[in-house]
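Peer 1: Below is the sequence, then the predicted model.
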Number of protein chains: 4
Amino acid sequence: MSADKKEHIILTAIDLFATKGFEGTSIREIAAAANVNLAMINYYFGSKEKLFESIIEYKASHSRVALEELVQDTSLSPIQKIDATIDGYIDRLFGHRNFHRLIQQELITHTRTTLQTHIVNNIIYPNSRAISHIIEEGIQKGDFKEVDPRLTTITLVGTINQILLSTRYCSKMLSNSDDPDYNPYEDESVKNRVRNHLKLLLHEHLLKK
Amino acid sequence: MSADKKEHIILTAIDLFATKGFEGTSIREIAAAANVNLAMINYYFGSKEKLFESIIEYKASHSRVALEELVQDTSLSPIQKIDATIDGYIDRLFGHRNFHRLIQQELITHTRTTLQTHIVNNIIYPNSRAISHIIEEGIQKGDFKEVDPRLTTITLVGTINQILLSTRYCSKMLSNSDDPDYNPYEDESVKNRVRNHLKLLLHEHLLKK
Amino acid sequence: MSADKKEHIILTAIDLFATKGFEGTSIREIAAAANVNLAMINYYFGSKEKLFESIIEYKASHSRVALEELVQDTSLSPIQKIDATIDGYIDRLFGHRNFHRLIQQELITHTRTTLQTHIVNNIIYPNSRAISHIIEEGIQKGDFKEVDPRLTTITLVGTINQILLSTRYCSKMLSNSDDPDYNPYEDESVKNRVRNHLKLLLHEHLLKK
Amino acid sequence: MSADKKEHIILTAIDLFATKGFEGTSIREIAAAANVNLAMINYYFGSKEKLFESIIEYKASHSRVALEELVQDTSLSPIQKIDATIDGYIDRLFGHRNFHRLIQQELITHTRTTLQTHIVNNIIYPNSRAISHIIEEGIQKGDFKEVDPRLTTITLVGTINQILLSTRYCSKMLSNSDDPDYNPYEDESVKNRVRNHLKLLLHEHLLKK
DNA sequence: TATGAATGAGTTTTCATTCAT
DNA sequence: TATGAATGAAAACTCATTCAT
């Protein structure tokens, strides 16, 4: 099978898994939506669960965050790194929100324990730890106040996650919209509003006066 | 069926749904875990989906938040209301974290559209709007800065949700623990740490110097 | 339980069985429709099947046809007996059409073999045989032609059954009506039309010129 | 699945549905009788109800009656058309008596309303109307008396249906047989007797002297 | 490599019936 | 006598997976 087709299946599966959940989606539906043969999915991915793992792997390799490099970067001040993190996070998570929702579901439920461990240890935690390191660096350098680095990280990540959680909630909260067709995630003004809020919030929280 | 038994089934189902998802949990499992006859669940709740709705209803009526009263309360200053909200939210959400996870899953996925609308309109959104109102009141009174009330609310809610999301992530982030038996949600020091972080964060963000 | 209540259940069950079939009707539905306790039906009739038998018994004793007496009656000529049979049959079957449909279903299918034998031997066949006897008597007396008495009986019974079979078919055929609320069986003009047709048909067929 | 296997399942289902009713027959039984996997029936027909619809469709396309052509045929006189109709009907209905019983059950009960409408409008009524047309043509041409065409049609159809209704009733009435193994529908003498009776009956009823 | 057909184990749901009171 | 609660058995249906080609 061409790599293109494999990718096509993965992208189709991400959307379905994200909106219907892993057990709520049948490989029959995925096959139909991706316009491929039902048996092919098992043939090429091995099983439904392996398909899920392939999705994780594919995304992990295609959208790795440059956070670790950011941490190492000596040309930027800690607060500049924080701003860069906010900008990067918002762009990336808003763009891959379905994959992100997938991950979150997998974290909330934990049927596939080893996979969850993998996700936490290799995807979620490293990113959070990198942000924490930036904050710790700022504290050490005397730029930042003696805040709780881990919880500050959680606030940053949690705010974005809360927005990504539910289109409906997000629309109601940020646009007072009940229109089911409105997509707040592709509204640049929403993105800017979030960016500004987070930067303001964290500057106040982190920077010494 | 006695109300006790009905409640027992609901509480059992919440835990299972929360950890394995709605589709990932069979009513067989629920029946076994609750030690009741398989057919009884359908007999008394009508269907698996109706059981889910019963859970929402039950929880909505048993754990209604006193937020609206807090908004109306004239004896408290806006910042005191924010502090009370943080204290109340943390206690309540930590205590009902499984139900809370259930709700979040339902929001991420949206197979049951009308139920989701119900949850957003009647449970999630009213609480968030109440918090926003407190912030707006503070701004009007001149106590608070001209922040974004909605996004500030999202930060408050999102931080707690992020912590509740995954025990594993929370343990790693807040206790550096890989022990699968450690429960950070019943660790008072964790709760206090979160409380202090949120109060500090929001005081800085909201209060005029 | 009062006899009235028992009768009420039976009458309710007849209507449900007639329109949804025996296996297509649950005793739960019957209990709900008759406004009685579900367990009571089993308690008083023993089982669903026994309820069915009770229906047969009840109807057999409450609407027994006077055909046998008609056969014996020496004051009427054979053709007068035929006319009386037509009149009586139409009135009775049109009035009890739901019970009649019940019986017909039971004859088409034959899951309950002994009950079917009972119905044929004690309800259906005796009536048909009585009509055949009248015809045979007419032949013997020289009033009637040498027709096939059994098949002539079947034509008489079959014509009425065909009309009773399906309200929709009957409405379309006899009234050109597609109105789902129209009830041809309570339309006196329809009954008269059927009566006249059958009498004309059988007079021509039976009577010597 | 091969068309043969599909046909095999349909034919098996017709027999079971005809003798036990639709709700009285489980797809398990059908699968066992047809020697196919239980899941395959749902897999290929979609559901039990869809299987039923497939049966109707299959039969409708495989045994369409040539009645409409008969109506148009100008080389035959009306009474010749009637005779041809009788011959054709008897052969066809006797041959497909199980499917015919199926249809009749579906007409008596009416759980599946739209399907019933389909059957009446597309299968039953067109045939009856075609026969009525022949009779009307005979009346117009002056060959036939001014009879009731619709009721005369019902008599023709109803007589055959009455015979097909129940093997037991038919055996007792036409052969005085209580032998449960006797099949009157494959007895040529029975068929001839019915043919002759109907022709005699209708000739007398229709033809001017 | 690719796929239509097939299947066994699982699901939810419905049912007639029985039980405890 | 009467009934709300409970239950075992069976129903229809769905599913991921495998097989034969």
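Peer 2: Here it is on my side, so go on.

Peer 1: separation between A:Tyr44 and A:Phe17?
Peer 2: Distance from A:Tyr44 to A:Phe17, counting by CB to CB, to the nearest Å: 17 Å. Just so you know, the C-beta spots here come from the backbone N, C-alpha and C atoms, and that holds for glycine as well.

Peer 1: Comparing the two, which residue is more hemmed in?
Peer 2: Shown here are A:Tyr44 and A:Phe17; by other CB atoms under 10 Å in any protein chain shown, A:Phe17 has more neighbours (24 against 15).

Peer 1: Touching whichever helix or strand that one is part of from outside, list them.
Peer 2: Secondary-structure assignment from DSSP states H and E places A:Phe17 in helix A:3-20. Identification of contacts with helix A:3-20 by CB atoms under 8 Å, 6 or more residues apart in numbering or on different chains yields A:25, A:29-30, A:33-34, A:36, A:41, A:44-45, A:51-52, A:54-55, A:58-59, A:97-99, A:101-102, A:105, B:108-111.

Peer 1: Filter the residues you listed down to the buried ones, ChimeraX style.
Peer 2: Buried residues among the contacts of helix A:3-20 (16 or more other CB atoms under 10 Å in any protein chain shown), as a ChimeraX selection:
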select /A:25,30,34,36,41,45,51,52,54,55,58,59,97,98,99,101,102,105 /B:108,109,110
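
Peer 1: buried residues in the helix or strand of chain A with the lowest mean pLDDT?
Peer 2: In chain A, no helix or strand scores lower on mean pLDDT, DSSP states H and E than helix A:67-72, which sits at a mean of 82. Neighbour counts over helix A:67-72 (16+ other CB under 10 Å) mark A:67, A:70-71 as buried.

Peer 1: same deal with stretch A:124-135?
Peer 2: For stretch A:124-135, by 16+ other CB under 10 Å, it's A:124, A:127-135.

Peer 1: List the ones among those that fall in helices.
Peer 2: Among these, DSSP state H puts A:127-135 in helices.

Peer 1: out of those residues, who's nearest C:Leu151?
Peer 2: Nearest to C:Leu151 among those: A:Asn127, at 89.1 Å, using CB to CB.

Peer 1: is it true that that closest one touches A:Leu70?
Peer 2: No: counting by CB atoms under 8 Å, A:Asn127 sits too far from A:Leu70 to count as a contact (10.7 Å).

Peer 1: one step back: tabulate the ones in helices among the buried residues of stretch A:124-135 in TSV, adding columns for pLDDT and distance to chain C.
Peer 2: What follows is those, written out as TSV (pLDDT from 0 to 100; distance: CB to the nearest CB, whole Å):
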residue	pLDDT	distance to chain C
A:Asn127	92	56
A:Ser128	94	55
A:Arg129	94	59
A:Ala130	94	61
A:Ile131	96	59
A:Ser132	96	61
A:His133	95	65
A:Ile134	96	65
A:Ile135	97	64
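
Peer 1: Filter those to keep only those in contact with chain B.
Peer 2: Restricting those to those within reach of chain B (CB under 8 Å from any CB of the partner chain) leaves A:Ser128.

Peer 1: Distance to DNA strand E for the ones in helices among the buried residues of stretch A:124-135 - can I get that in JSON lines?
Peer 2: Output for these, formatted as JSON lines (distance: CB to the nearest atom of the strand, whole Å):
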{"residue": "A:Asn127", "distance to DNA strand E": "35"}
{"residue": "A:Ser128", "distance to DNA strand E": "35"}
{"residue": "A:Arg129", "distance to DNA strand E": "38"}
{"residue": "A:Ala130", "distance to DNA strand E": "38"}
{"residue": "A:Ile131", "distance to DNA strand E": "40"}
{"residue": "A:Ser132", "distance to DNA strand E": "41"}
{"residue": "A:His133", "distance to DNA strand E": "43"}
{"residue": "A:Ile134", "distance to DNA strand E": "45"}
{"residue": "A:Ile135", "distance to DNA strand E": "45"}
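
Peer 1: among the ones in helices among the buried residues of stretch A:124-135, which two are most distant?
Peer 2: Checked with CB to CB, these reach their widest spread between A:Asn127 and A:Ile135, with 13.3 Å between them.
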